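Chemist: what would the 3D arrangement of this be:
(one chain, ligands or ions: 2)
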Amino acid sequence: MSYLELRDLQKRYSKDGPLIVNRMNLSIEKGEFIVFLGPSGCGKTTTIRMISGLEEVSGGDILIDGESVLRKKPKDRGVSMIFQSYAIWPHMTVFDNIAYPLKLQKLKREEIRARVEAAAGATGIEGFLDRYPRQMSGGQRQRVAVSRAIVVRPKIFLMDEPLSNLDAKLRVSMRTELKRIHRQENSTTIFVTHDQAEAMSLADRIIVMYQGKIEQIGTPREVYRNSATRFVASFIGTPPTNFFTVKIEKAGDGFIAVHPGFKYQVPPAMNGALAPYAGKEAVLGIRPEFIGLSPAMDRGESWICDTTVDFVEPQGSYSIMVAHIGGEELKIVSSEFLDLPVNTRSALSVRDAMFFDPDTGNRIGR
Ligand SMILES: Nc1ncnc2c1ncn2[C@@H]1O[C@H](COP(=O)(O)OP(=O)(O)O)[C@@H](O)[C@H]1O
Ligand SMILES: [Mg+2]
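Modeler: Ligands and ions are numbered 1, 2, ... in the order given. Model (predicted):
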């Protein structure tokens, strides 16, 4: 039995309005760290607000620990929500902020104190209990919000972009912190973000959402290495996957993908899946990391064409190179500082590629 289950969950904000959440089905196990990842407006907040009970559902069901919670009030569902804006009260001390939900539950004073201290200890703010929020940094305030969510010992934590108000450096250190807290508390968590790097670094499983629908559910490795759709391949990874419309042509026993700027020999393992596309168009996706450049004369087995690097964007441990093939821009990632001068011809090779249906965007042969 899953710990949280969404069954055909649907949401419209008005009777004839669009389906904002479109038949979502999802099972989450106890202790999992789940990330909802998708662009702004795809329905992430709406979905977790329905789970928390802050928003009514238009169809389907939500089960927590085997029980439908649709008729339960937010406070009776056993969930704790952390918002982007922290929602901590400026006129209360840190202690009182964290203690607030326990006071509502009318727990004894000694128990409140013990639990607040434990929750503050878990996020490393036990020394700040007498302070007011204005006397604390953004990261410390975020820890207050996390402590207040931990203190009620919820069945499920729901976090809606909780790090997006922090500066870039703090965001990265807080995400490590959240991972540590999750490890320690073994809490079941749904974390919402539009930032793929944040999702990859935190999630046990990522739910990739687009236009109210689940595009793919998978581990960070699966959504990256085995993207189910063109959208997932473009949303996961930086820089994004390069896409080219190609024509699939028969060549001997196999196929080649033909583009005005190159010809790509289709790996034999793809022959069966690509057969229905013979003579037709498909979309070829090539991740920047799977492209290699070498001096122009140096054409290896996976060479597809020659190109010219227009410019290089150094990133420290790797470089992004911007080039053109067949009039289309292409990004290449290399972990080496190549001594390839800009504006000289180089040989371009492709180690791995994906094919997508041009109409549905679905991965071919997955
Ligand atoms: N209260 C509301 N009334 C009407 N439309 C809404 C309301 N809240 C959100 N929406 C719409 O629902 C869609 C999804 O919004 P939201 O769930 O906030 O997306 P996300 O959190 O992924 O950015 C958006 O198109 C948004 O405009
Ligand atoms: Mg949102």
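Chemist: how close does I364 get to ligand 1?
Modeler: Separation of I364 from ligand 1 (C-beta to the nearest ligand atom, to the nearest Å) stands at 28 Å. Every C-beta, even on glycine, is put in place using the N, C-alpha and C of the backbone.
Chemist: pretty sure that residue sits against F355.
Modeler: Yes: I364 lies in contact with F355 (C-beta atoms under 8 Å); the separation is 4.2 Å.
Chemist: so, low pLDDT: which residues of this protein?
Modeler: Applying pLDDT under 70 to the chain flags the ranges 337-341.
Chemist: and V283, how many neighbours?
Modeler: Burial of V283 is recorded as 20 neighbouring residues (other C-beta atoms under 10 Å).
Chemist: meant to ask about R134, not that
Modeler: 8.
Chemist: who's in contact with it?
Modeler: By C-beta atoms under 8 Å, 6 or more residues apart in numbering, the contact list for R134 reads P90.
Chemist: longest helix in the protein, by residue count?
Modeler: helix 168-185 (DSSP state H).
Chemist: ok, I364 and F355, which is more surrounded?
Modeler: F355 (25 against 18).
Chemist: what's the host helix or strand of that one in contact with?
Modeler: Assigned by DSSP states H and E, F355 falls within strand 354-356. Under the contact criterion C-beta under 8 Å, 6+ apart, strand 354-356 has outside partners 227, 229-230, 233, 241, 243, 257, 270, 273-274, 277, 282-286, 362-365.
Chemist: thinking again about what came up before, buried set for the longest helix of the chain?
Modeler: Burial within helix 168-185, assessed by neighbour count using 16 or more other C-beta atoms under 10 Å, is assigned to L170, R171, M174, R175, E177, L178, I181, H182.
Chemist: which one of the residues you listed is nearest ligand 1?
Modeler: Nearest to ligand 1 among those: R171, at 17.8 Å, using C-beta to the nearest ligand atom.
Chemist: quick revisit: any common contacting residues for I364 and F355?
Modeler: Common neighbours of I364 and F355 (C-beta under 8 Å, 6+ apart) are M270, A273, L274, Y277, A282.
Chemist: pick the one among the residues you listed closest to ligand 1.
Modeler: Among these, A282 lies closest to ligand 1 (C-beta to the nearest ligand atom), at 30.1 Å.
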